[in-house]
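> Using only what follows, build the 3D model:
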Amino acid sequence: DDSYTDYRGDYIKNEVACDYNAGFQSALAGLKTLSLDGSLPGQNAGTCSSTVSTTGSQSTTGSTTVQTTSISQSTTSSSSSTTPSGSTTENPSSGSCIGITKYNYDEVIEVSNLFYQAQRSGPLDVYGDFNHQKIPYRGDSCLKDGSDNGVDLTGGYFDAGDYVKFNFPMAASTTLLAWGAIDFSAGYSAAGQSQATLNTIKWATDYFIKCHVSPNELYAQVGDGNADHAEWDRVEDMTIARPSFKIDAQNPGSDLAGETAAALAAASIAFSSADSAYSAELLKHAKELFNFADKYRGKYSDSVPGASSFYNSWSGYNDELLWSAAWMYKATGDSFYLGKANEFWQNKDVSELSWDEKTAGAAILLAQLTGDDKYVSKAVSFCNKMADTQQKTPKGMVWIQQWGPLRHASNVAFACLEAAKIADSRVDKDKYYQFAVNQIHYALGDTGRSFVVGYGTNPPQRPHHRSSSCPTNPSESCGWDDYNQSGPNPSTLWGALVGGPGSDDSYTDYRGDYIKNEVACDYNAGFQSALAGLRTLALDGSLPGLNGSSC
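Predicted coordinates:
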């Protein structure tokens, strides 16, 4: 009668055996053969080549090496799909580093891009790339965003396990993703993820263009954080109001406008070869937003009070003015922006690179661009501090704060991979490379478990995330009972980096602990860019531990 219960004690329905899989596997090979020669029923005589790659990761516990193998599908809905630039996406990597690098960076980059797909708001398949097979639980949503103010604000990303679009951290995430796409493009190409990553960036930048409704007017947020967090449901079923909030000349937000300018300027560089017309459009908006940020000074969280309880601009707006000036200078080569960066520079010591604090990133970028001692010295001192003296957990994660510690560790790992590119004798490349490897490998499994959903050994199964926690049957309601149930989320939130352990490396895979199990767009941004950096080092033979080997 097709009835089935996933119950260990029922050995009739839940036994496994070698002979159970034998004919099954051979039949799968037969169906694959039919798909290749066009004989598969329902295929309409089309043929397909293999887009399935066997990818592996290794984690070492004591003297025993455990090999975990997974089958990863293309992140597109077919083996080759049309993308915004009119090109086609690459097939996923054939796993050329398997058995060479400790972890399969290609696979993690691939599933990280899938995480961003799962966070999409609006019509999901605008680019023809949405992976319905891997993310079957998501549908189109929030198609009236902005209608309360007569504008179209559809698109963009849901921030975390909720459904608010907070533009400040979204823009910061986009800048870090674009920086990685620019400087570690070779790694993305080797992983077969170049186009998928550009799509991840473009999903945000298309939305930012919609939000920038006039030169001095930028929407900052869609959704009410308090009302949103009072519910636990599918976004596709959401009925509460989704108000939109903006900054303008009378209600300024130099931090938000500056960060959005930085994101669009960085993205304009990332898209310069793939789509020159789009690149020019991004830069046009970036220039206007930089002028807006500079001319009308103020904190966005003062102008949008609803943001202050969630993403308050604690560091003020000066770091975003500096950061955006640096990116405008990189994107344009116009010395006007370098002059602005010198004007905004403040010689202050910081211990993070985050959605709120950009000083370290700006110092590294300006050191790369200018070689000016004040920038180089700050960049070197920051990475030396992170690698040498910043608090570490007993198992080696650099400890910055309890909220999203893996996010912070990944961000500074990426920052120091970028610092390693500074042309100065004070830069200890080998130390920075090893520091980045240590931090990213911690997240991938060096403690004996993965902190990336759907990847590696004993990954998190209960992320604090509404959509993936709801029943897979859309006709079943979703609510607080699903939040409180102790089992794994019914759907896999591929590629999401969870907040991470405490300062003593303690971690429990518990949905109710949103400090350790929250996921967010900004958690994955520096993490994904750092992965692309490590993949680039593997490609050119510079990855620590490979002894000059490359893959």
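
> which stretches of the chain form strands?
Applying DSSP state E to the chain gives strands spanning 53-61, 64-72, 165-166, 212-214, 217-222, 244-248.

> Show the pLDDT at Lys32.
According to the prediction, Lys32 has pLDDT 82.

> Let me fix that, I meant to ask about Ser78.
The per-residue pLDDT reported for Ser78 equals 32.

> Could you do Thr61 as well?
34.

> going forward can the numbers begin at 714, since that is how I track them
Sounds good: first residue 714 from here, last item Thr774.

> and the residue nearest to Asp1062 when sequence neighbours are not counted, how many neighbours does it have?
Excluding the flanking residues, the one nearest Asp1062 by Cβ to Cβ, 6 or more residues apart in numbering is Ser1094, at 7.8 Å. Where C-beta positions appear, they are placed from N, C-alpha and C, glycine not excepted. If you count neighbours by other Cβ atoms under 10 Å, Ser1094 ends up with 14.

> how far away is Ser1094 from Trp1058?
15 Å (Cβ to Cβ, to the nearest Å).

> likewise Ser927?
Counting by Cβ to Cβ - Ser927 and Trp1058 are separated by 30 Å.

> In terms of neighbours, single out the busier of those two.
The residue with more neighbours, out of Ser927 and Trp1058, is Trp1058; 21 against 10, by other Cβ under 10 Å.

> surely that one meets Lys1091?
No: the pair Trp1058 / Lys1091 is not scored as a contact, 9.1 Å apart, by Cβ atoms under 8 Å.

> What residues of stretch 961-974 count as buried?
Buried residues in stretch 961-974, counted by 16 or more other Cβ atoms under 10 Å: 961, 964-974.

> Of all pairs in those, which one spans the longest distance?
The largest distance within the buried residues of stretch 961-974, taken as Cβ to Cβ, falls between Asn964 and Ala974 and amounts to 17.7 Å.

> List the contacts of Phe1003.
By Cβ atoms under 8 Å, 6 or more residues apart in numbering, the residues touching Phe1003 are 970-971, 974, 978, 1037-1038, 1041, 1050.

> distance of it from Asp1141?
The span separating Phe1003 from Asp1141 equals 34 Å under the rule Cβ to Cβ.

> just Ser1199 next, same as before
From Ser1199 to Asp1141 the distance is 47 Å (Cβ to Cβ).

> same thing with Lys1012?
Lys1012 is 37 Å from Asp1141, by Cβ to Cβ.

> neighbour-wise, which of those two wins?
Lys1012 (22 against 18).

> Not counting residues beside it along the chain, what's closest to that one?
Going by Cβ to Cβ, 6+ apart, Lys1012 has Ser1026 as its nearest residue, at 4.6 Å.

> Around that neighbour, count how many other residues there are.
What Ser1026 shows, counting by other Cβ under 10 Å, is a neighbour count of 25.

> Tyr1220 too?
Considering only other Cβ under 10 Å, Tyr1220 is surrounded by 19 other residues.

> Just confirm it contacts Asp1226, I think it does.
No: shown here, Tyr1220 and Asp1226 do not form a contact pair, counting by Cβ under 8 Å, at 9.1 Å.

> is it true that Ala1054 touches Ala1038?
Yes: Ala1054 lies in contact with Ala1038 (Cβ under 8 Å); the separation is 3.9 Å.

> Those two: which is more packed in?
Per other Cβ under 10 Å, whichever of Ala1054 and Ala1038 has more neighbours is Ala1038, with 29 against 25.

> can you pull the pLDDT of the more buried one?
At Ala1038, pLDDT is 98.

> for the protein, what are the low-confidence residue spans?
755-808 (pLDDT under 70).

> who are the neighbours in contact with Asp1085?
By Cβ under 8 Å, 6+ apart, the neighbours of Asp1085 are Leu1079.

> ugh, wrong one, Tyr1236
1117, 1119-1120, 1123, 1209-1212.

> change it to 10 Å
Residues in contact with Tyr1236 (Cβ atoms under 10 Å, 6 or more residues apart in numbering) are 828, 873, 882, 886, 1068, 1117, 1119-1121, 1123-1124, 1209-1213.

> In helices only, show me those.
Of the contacts of Tyr1236, the ones assigned to helices by DSSP state H are 828, 882, 886, 1119-1121, 1123-1124.

> As CSV, these with distance to Ser907 and neighbour count would be great.
CSV is the format used below for the ones in helices among the contacts of Tyr1236 (distance: Cβ to Cβ, whole Å; neighbours: other Cβ atoms under 10 Å):
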residue, distance to Ser907, neighbour count
Phe828, 17, 26
Pro882, 25, 24
Ser886, 19, 28
Leu1119, 25, 24
Arg1120, 24, 28
His1121, 27, 26
Ser1123, 21, 31
Asn1124, 22, 29
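
> ok, which pair from these is furthest apart?
Spanning the widest gap among the ones in helices among the contacts of Tyr1236 are Phe828 and His1121, at 18.0 Å by Cβ to Cβ.

> Is Phe828 in contact with Val1211, as I believe?
No: Phe828 is not in contact with Val1211 according to Cβ atoms under 10 Å; the separation is 11.0 Å.

> list the residues that contact both of the two?
With Cβ under 10 Å, 6+ apart, Phe828 and Val1211 have common neighbours 1165-1166, 1178, 1232-1233, 1236.

> Tell me the buried residues within those.
Those of these that meet the buried threshold are 1165-1166, 1178, 1232-1233, 1236, by 16+ other Cβ under 10 Å.

> Reformat those as a markdown table; add distance to Cys731.
A markdown table is the format used below for those (distance: Cβ to Cβ, whole Å):
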| residue | distance to Cys731 |
| --- | --- |
| Val1165 | 31 |
| Val1166 | 30 |
| His1178 | 37 |
| Val1232 | 38 |
| Ala1233 | 43 |
| Tyr1236 | 41 |
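
> In helices, which of those appear?
Per DSSP H, these map to helices at Tyr1236.

> sorry, back to before: between Trp1058 and Lys1091, what contacts are shared?
In contact with both Trp1058 and Lys1091: 1072, 1075-1076, 1079, 1085, using Cβ under 10 Å, 6+ apart.
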